[in-house]
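In: I would like to see how this sequence folds:
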Amino acid sequence: MIVIPAIDLRGGRVVRLFRGDFAAETVYDDDPVEVAVRFQSEGARRLHVVDLDAARGTGSNRPVVRDICRAIAIPVQLGGGLRTLPAVEQAFQDGAARAILGTAAAMDPAFVEDAVSHFHDRVVVAIDTRDGRVMTHAWQAEGPRIEEAIPALADAGTPRFLVTSIRMDGTMDGPDLELYRTVLGLTERPVIASGGVRVAEDVRELRDLGLEAAVVGKALYSGTLRLEEVVRG
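Out: Here you go, the predicted structure:
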């Protein structure tokens, strides 16, 4: 199982939100490139970068994303505002190895099918869920139930899913294991977990469920989890 450190960008800085609330933001660093280099030196095999400004439609951190991709050798999976094929193509041109499709994918399996036909397994479909429903538009709008969305998106050719429990995101209260049991029962595609991880034992529990990887943010920044504890897990 791979642990993927998260770098969330807002206004050019590394931040974390609490349950997706933009008003509950913690700034962790003013130099995202330095953070990316540090994660790589600590053994990270991939980075998870999200442009929160692009996701919300209020701006872009593209120059920072390009700088991160140029500064490190490990692959970057990039999300935030990738709602059209040209936007996905631009993400790859900026250096991303994978593109994370969120709102557009959740609302339109045909878009996923089109993206996969162009970019193959470089596509990741994000399912951000609260109370059993997919949340879209930076977690502000309610979409379909996951029992409807995930099979439809799998049928559209989704190579892998990134599933975030909004209720647990940024809380460090442990991952939503029941959610991931449900998701794994809905698809045979690889699933990446996100939200709630605090300590190494949380990572091991996700591994034992059969998750492909776990995106971890706040626990690494707060020091309750060190990459060296799980980088080989």
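In: rest of the way, CA atoms for contacts and neighbours
Out: OK.
In: Just give me how far the helix or strand hosting Thr182 sits from the chain centre.
Out: Using DSSP states H and E, Thr182 sits within helix 177-184. Centroid separation between helix 177-184 and its chain, computed with CA atoms, centre = their mean, to the nearest Å, is 17 Å.
In: Please export the C-alpha coordinates of the next helix or strand after that helix as PDB.
Out: Downstream of helix 177-184, the next assigned helix or strand under DSSP H and E is strand 191-194. Output of strand 191-194 as PDB, limited to C-alpha atoms (Å, rounded to 0.1, in the frame of the first residue of the first chain):
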ATOM      1  CA  VAL A 191      -9.500   2.600  -4.600                       C
ATOM      2  CA  ILE A 192      -7.400   5.300  -2.900                       C
ATOM      3  CA  ALA A 193      -8.600   6.500   0.500                       C
ATOM      4  CA  SER A 194      -8.500  10.000   1.800                       C
END
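In: start the count at 174, not 1, going forward
Out: Understood, numbering begins at 174; the last thing we discussed is strand 364-367.
In: circling back to that earlier point, can you give me the buried ones in the helix holding Thr355?
Out: Across helix 350-357, burial judged by 16 or more other CA atoms under 10 Å covers 350, 352-353, 356-357.
In: Kindly report the same for stretch 206-221.
Out: Those would be 206, 208-210, 212-213, 217-221, for stretch 206-221 by 16+ other CA under 10 Å.
In: Tell me the span between the first and last residue of it.
Out: The first and last residues of stretch 206-221 sit 13 Å apart, counting by CA to CA, to the nearest Å.
In: How far off centre is it?
Out: The chain centre lies 15 Å from the centre of stretch 206-221; the measure is CA atoms, centre = their mean.
In: With stretch 302-318 instead?
Out: Worked out by CA atoms, centre = their mean, stretch 302-318 lies 15 Å from the chain centre.
In: and Asp328, how many residues sit next to it?
Out: Per other CA atoms under 10 Å, the neighbour tally for Asp328 reads 13.
In: scratch that, Glu262 is what I was asking about
Out: Glu262 has 16 neighbours, counted by other CA under 10 Å.
In: Same question for Val376.
Out: Neighbours of Val376 (other CA under 10 Å): 26.
In: do the same with Ser338
Out: 24.
In: cool, Asp267 as well?
Out: With other CA under 10 Å as criterion, Asp267 counts 19.
In: Where in the chain is the helix or strand with the lowest mean pLDDT?
Out: Comparing helices and strands within the chain by mean pLDDT, DSSP states H and E singles out strand 194-202 as the least confident, with a mean of 72.
In: Show me what the helix or strand just after that strand is packed against.
Out: Once the chain leaves strand 194-202, the next helix or strand it forms, by DSSP H and E, is helix 205-214. Contact here means 3 or more CA pairs under 8 Å, 6 or more residues apart in numbering; DSSP states H and E; on that basis helix 205-214 packs against strand 175-183, helix 235-244.
In: now for the last one, which elements pack on it?
Out: In this case it means helix 235-244. helix 205-214.
In: Quick one: residues in contact with the helix it packs on.
Out: By CA atoms under 8 Å, 6 or more residues apart in numbering, the list of residues contacting helix 205-214 from outside reads 178, 180, 182, 185-187, 202, 219-220, 237, 240-241, 244-245, 247.
In: Swap in 6 Å and give it another go.
Out: The contact list for helix 205-214 (CA atoms under 6 Å, 6 or more residues apart in numbering) reads 187, 241.
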